[in-house]
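> Quick one: sequence plus predicted model below, questions after.
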Amino acid sequence: MGLEVQGLRKRFGSETALDGLDLIVEEGQVYGLVGPNGAGKTTAMRILLRILDADAGTVRWNGQPLAAVPRQQFAYVPEERGLYPRMTVEEQLDFFGRLWGLDPAEARRRGREWLERLELAPYRTRAGSELSKGNARKLQLAVALLARPRLLVLDEPFEGLDPVNVAVLEAAIREARGQGTTVLFSSHTMEFVEALCDGVTLITHGRALLAGPVAAVRAAAGWRELTIRFLEADPARLERFETLAGLPAGEAVGGRRYRVAPDVDPGFYLSRAQQAGTLRTFSLDSPSLKAVYLQTVGGEMVPA
Ligand SMILES: Nc1ncnc2c1ncn2[C@@H]1O[C@H](COP(=O)(O)OP(=O)(O)OP(=O)(O)O)[C@@H](O)[C@H]1O
């Protein structure tokens, strides 16, 4: 069950933002929405949150039409700031707790817990306007999680966060999932999606181009990536390997990476590599989500 989006359409004047988008997110998953700028990700999220109406299509949550889902079950962290500039961090949590009808003591307890988890406790008495972009984003997340939503929707949550805060946010998303919240987020950083998500949908021109469990989307690519590094960083060894294996010169990424057919025999390449030198790394794997994305989206943009 979970979230089922079918045939979602939305136009803005002559601009088609969504052109029959399908999306399925199982309950309890962390799910990624990826795609180029202007693909329709934010529009889809805004429709889910009932900020916008779709022109056509259906959205169901556990079988119920969207209109029948209590609003509090879905929470949204938009890309832009959505905080009260004069209220302190703690006041914002109290305010939203009251707004959502939570018991004040319980709201405060949950609020404090998220402030600790998100490393925001030192900023408790700071005004919204005084927070850095990353801390404002984290506070918005704390506010969104206060009511324990069934579905949490985040628009590019990692954008502009430093690496420590990326890790804090990743942990918070996992924690929210652990508490039973389904999480849907958009991102341009495939590494985050690959690390965090159970499933992913790639949207281009308002439609799903690829969708499924991350591992399945990677495995469905028409190639595998072979990475070779020798103990001695000697280009001659790589060239020898390339000649023995009949491969064109590879892409140097701390070793070399080659695109090979999905059904190749790893033993063939391993034995050729061993003939060329002592190996430090030998791996034959599905391409990364980033490589699949670049191939799919980049390939699509190449004129026929
Ligand atoms: N309020 C609006 N009025 C007019 N056009 C809009 C509006 N909102 C979105 N669009 C258009 O709809 C299309 C989809 O935009 P959307 O913001 O959903 O894309 P996105 O995938 O979230 O992009 P990005 O990755 O850049 O955030 C774009 O062509 C955009 O210009």
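Sure, I can see it.
> count of neighbours near A220?
By other CB atoms under 10 Å, the residues close to A220 number 12. From N, CA and C alone the C-beta is placed, and that goes for glycine too.
> Is D162 in contact with G134, as I believe?
Yes: contact criterion CB atoms under 8 Å: D162 and G134 qualify, at 6.3 Å.
> Among these two, which residue is more densely surrounded?
More crowded of D162 and G134, by other CB under 10 Å: G134, with 18 against 10.
> Okay, and the more buried one sits in which element?
Using DSSP states H and E, G134 falls within helix 133-145.
> Around the ligand, which positions in this structure sit nearby?
Neighbours of the ligand within the chain, by CB under 6 Å from any ligand atom: 12, 15, 17, 35, 37-43.
> want to throw those into a markdown table with pLDDT and neighbour count?
Shown next, in a markdown table, are the residues of the chain next to the ligand (pLDDT from 0 to 100; neighbours: other CB atoms under 10 Å):
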| residue | pLDDT | neighbour count |
| --- | --- | --- |
| F12 | 96 | 10 |
| E15 | 94 | 10 |
| A17 | 97 | 24 |
| G35 | 95 | 25 |
| N37 | 93 | 6 |
| G38 | 94 | 13 |
| A39 | 95 | 23 |
| G40 | 96 | 24 |
| K41 | 96 | 26 |
| T42 | 96 | 18 |
| T43 | 97 | 23 |
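> Look up how far A147 lies from Y76.
Using CB to CB, to the nearest Å, we find Y76 at a distance of 12 Å from A147.
> Then P36?
33 Å.
> So for those two, which residue has more residues nearby?
A147 (20 against 17).
> which residues touch S129?
85-86 (CB atoms under 8 Å, 6 or more residues apart in numbering).
> Just to be sure, it is in a strand?
No: with DSSP: H, G, I helix; E, B strand; the rest coil as the criterion, S129 is assigned helix and is not in a strand.
> quick one: the helices in the stretch 151-300 of the chain?
Remark: helices assigned in the stretch 151-300 of the chain by DSSP state H, counting those that start in this stretch are 163-178, 190-196, 214-219, 235-245, 266-276, 289-293, 299-301.
> Which stretch among those is buried most, on average?
Among those, the stretch with the highest mean neighbour count (mean count of other CB atoms under 10 Å) is helix 289-293, at a mean of 21.
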